[in-house]
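J.: Let me see the structure of the following:
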Amino acid sequence: MIMLVGLQGSGKTTTAAKLANYLRKQGQRPMMVAADIYRPAAVHQLQTLGNQLTIPVYAEPAGSNPVDISVHSLEYAREQALNVVILDTAGRLNIDERMMQEVTTIRNRLHPSEVLLVADAMTGQEAVRVADDFNKAVSLTGLILTKMDGDARGGAALSIRSVTGVPIKFMGMGEKTDALEPFYPDRLASRILGMGDVLSLIERAQETIDEEEALKAQAKMQQGKFDLEDFLSAMRQLKRMGPLRNVMEMIPGFNKMADMPDMEEALEGDQLKHIEAIILSMTLEERHNPDLINGSRRRRIARGSGSTTQAVNQLLDQFHEMRTMMRQMSSGKGQWARLARQYGGGDGIPGMPALPATAGYSNQGKYNSGKKTGKAARKEKRKHKARSGRR
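T.: Residues are numbered from 1 along each chain as shown. Coordinates of the predicted model:
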């Protein structure tokens, strides 16, 4: 039995569902218990979450005693062969004697394996006092910090750990039922210092990205056959990893980019939804062969997706540029391959060579592919012919 305690509004009910979902992925058979009979709709909220996750929820009619509900839930769990019981106890707006007496009685009657305090990381040092009071009353075995995806950097985590002496076991990283991560001190320290968190990113990718699809996409990239259908699939898998801002903050160096003014709208807005709408407005043939999309087709796609022709043009231009980059990097030839070798050879920012003048964006903001055009190209061609003739 895992007993969740904490103040009202700290996110206990949602955390109960997240924890149940996490344990089921580990091969357990969890059940949730609606022991909060005081907060309006608390029981209904837990039942709704249970239906979404197809995880059983034990509840009794209004007016039942929370201690009796908790005792009866154990009997029900044994009957249903469920091996983990997660108890969602009542919270209060502030700590009072009656509340503490209730959770103390439940603990003494049921002797749960874990008593976890669910604390809101946004409350700062106030969470320390709450943790200390709960620890004195029910002897906590661990902590779960919620709302760690917000502006909170985790300073309260250090204080709570110091005052209570019990470990922080999980962090809530969002509203969704899969947004719960095991707590690793070194990883949180890396995030606080802006150094990213690559290990958590890898674990999240392993959980959300289909390995078979990823291997197929990789093979297509290497063969230069990556199309808009594959791009749409990759984008959807990226969305499943959580908010784009959170993903970027885990990548070393990219966390600073996330705060740039130009990136703010792209990360917080509905840019991915707009891109998805544009691609879905194309026919299957157009997705597999984007070169078919001419002016009239672009206007039709823009109308179908509720966007503009300029937005369609921008997406196609970016896709063609990305596909060119993939082909060059997989073949080892071209400017992108040279850039990859150049950056791969550098060791860190200080020794990293400057971008070559033949690639990237010019001072005017226009893309320069490095290829000479017009008179310059014809002049170069004549010189090459002259040299060949002399040889």
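J.: Identify each buried residue in stretch 160-170, please.
T.: Going by neighbour count (16 or more other C-beta atoms under 10 Å), the buried part of stretch 160-170 is 160-161, 164, 166, 168, 170. Every residue, glycine included, has its C-beta placed from N, CA and C.
J.: Glu114 versus Ala35, what's the distance?
T.: Counting by C-beta to C-beta, to the nearest Å, the separation of Ala35 from Glu114 is 15 Å.
J.: Same check on Phe319?
T.: From Phe319 to Glu114 the distance is 49 Å (C-beta to C-beta).
J.: Against Leu140, how distant is Ala156?
T.: Counting by C-beta to C-beta, the gap from Ala156 to Leu140 is 15 Å.
J.: re the thing from before, quick check, nearest of the buried residues of stretch 160-170 to Pro61?
T.: Distance to Pro61 across the buried residues of stretch 160-170 (C-beta to C-beta) is lowest for Phe170, with 31.6 Å.
J.: Specify the beta-bridge partners of that closest one.
T.: Ile144, Pro182 (DSSP bridges).
J.: contacting residues for it?
T.: 15, 19, 22, 116, 144-145, 180-183 (C-beta atoms under 8 Å, 6 or more residues apart in numbering).
J.: phi, psi of Gly142?
T.: Dihedral angles of Gly142 (phi, psi; degrees, to the nearest 10) stand at phi -170, psi 170.
J.: Would you confirm that it contacts Leu116?
T.: Yes: contact criterion C-beta atoms under 8 Å: Gly142 and Leu116 qualify, at 4.8 Å.
J.: hmm, back to that, selecting buried members of the contacts of Phe170 in ChimeraX, what would you type?
T.: Buried members of those, defined by 16+ other C-beta under 10 Å, are picked up in ChimeraX with:
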select :15,19,22,116,144,145,180,181,183
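J.: Export the contacts of Phe170 to JSON lines and append columns for pLDDT and distance to Val128.
T.: Output for these, formatted as JSON lines (pLDDT from 0 to 100; distance: C-beta to C-beta, whole Å):
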{"residue": "Thr15", "pLDDT": "94", "distance to Val128": "19"}
{"residue": "Leu19", "pLDDT": "95", "distance to Val128": "23"}
{"residue": "Tyr22", "pLDDT": "93", "distance to Val128": "26"}
{"residue": "Leu116", "pLDDT": "94", "distance to Val128": "16"}
{"residue": "Ile144", "pLDDT": "91", "distance to Val128": "15"}
{"residue": "Leu145", "pLDDT": "87", "distance to Val128": "12"}
{"residue": "Leu180", "pLDDT": "89", "distance to Val128": "22"}
{"residue": "Glu181", "pLDDT": "85", "distance to Val128": "22"}
{"residue": "Pro182", "pLDDT": "88", "distance to Val128": "22"}
{"residue": "Phe183", "pLDDT": "85", "distance to Val128": "17"}
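J.: what's the closest of the contacts of Phe170 to Ala77?
T.: For the contacts of Phe170, the nearest to Ala77 is Leu19 (15.3 Å; C-beta to C-beta).
J.: which helices and strands does the helix or strand hosting that closest one pack with?
T.: Per DSSP states H and E, Leu19 falls inside helix 12-25. Judged by 3 or more C-beta pairs under 8 Å, 6 or more residues apart in numbering; DSSP states H and E, the packing partners of helix 12-25 are strand 2-5, strand 30-34, helix 42-53, strand 84-88, strand 142-146, strand 168-172, strand 180-182.
J.: Between strand 84-88 and it, find me the angle.
T.: 170 degrees (axes from the mean of the first three to the mean of the last three C-alpha atoms, to 10 degrees).
J.: So which bits of helix 12-25 are buried?
T.: Across helix 12-25, burial judged by 16+ other C-beta under 10 Å covers 12-23.
J.: Would you reformat the residues you listed as CSV and include distance to Leu87?
T.: Written out in CSV, the entries for the buried residues of helix 12-25 read as follows (distance: C-beta to C-beta, whole Å):
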residue, distance to Leu87
Lys12, 10
Thr13, 11
Thr14, 15
Thr15, 12
Ala16, 8
Ala17, 13
Lys18, 15
Leu19, 11
Ala20, 11
Asn21, 16
Tyr22, 16
Leu23, 14
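J.: Check the chain for its longest helix and report it.
T.: Counting by DSSP state H, the longest helix found in the chain is helix 309-331.
J.: May I have that helix as CSV, with CA atoms only?
T.: Provided in CSV are the C-alpha atoms of helix 309-331 (Å, rounded to 0.1, in the frame of the first residue of the first chain):
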residue,chain,number,x,y,z
THR,A,309,0.0,30.0,-49.3
GLN,A,310,3.1,31.6,-47.7
ALA,A,311,2.9,29.1,-44.8
VAL,A,312,2.7,26.2,-47.2
ASN,A,313,5.6,27.5,-49.2
GLN,A,314,7.6,28.0,-46.0
LEU,A,315,6.9,24.4,-44.9
LEU,A,316,7.9,22.9,-48.2
ASP,A,317,11.1,25.0,-48.5
GLN,A,318,12.1,23.9,-45.0
PHE,A,319,11.3,20.3,-45.8
HIS,A,320,13.4,20.4,-49.0
GLU,A,321,16.3,22.0,-47.1
MET,A,322,16.1,19.3,-44.4
ARG,A,323,15.9,16.5,-46.9
THR,A,324,19.0,17.9,-48.7
MET,A,325,20.8,18.0,-45.4
MET,A,326,19.9,14.4,-44.6
ARG,A,327,21.1,13.2,-48.0
GLN,A,328,24.4,15.0,-47.8
MET,A,329,25.1,13.8,-44.3
SER,A,330,24.2,10.2,-45.1
SER,A,331,26.3,10.2,-48.3
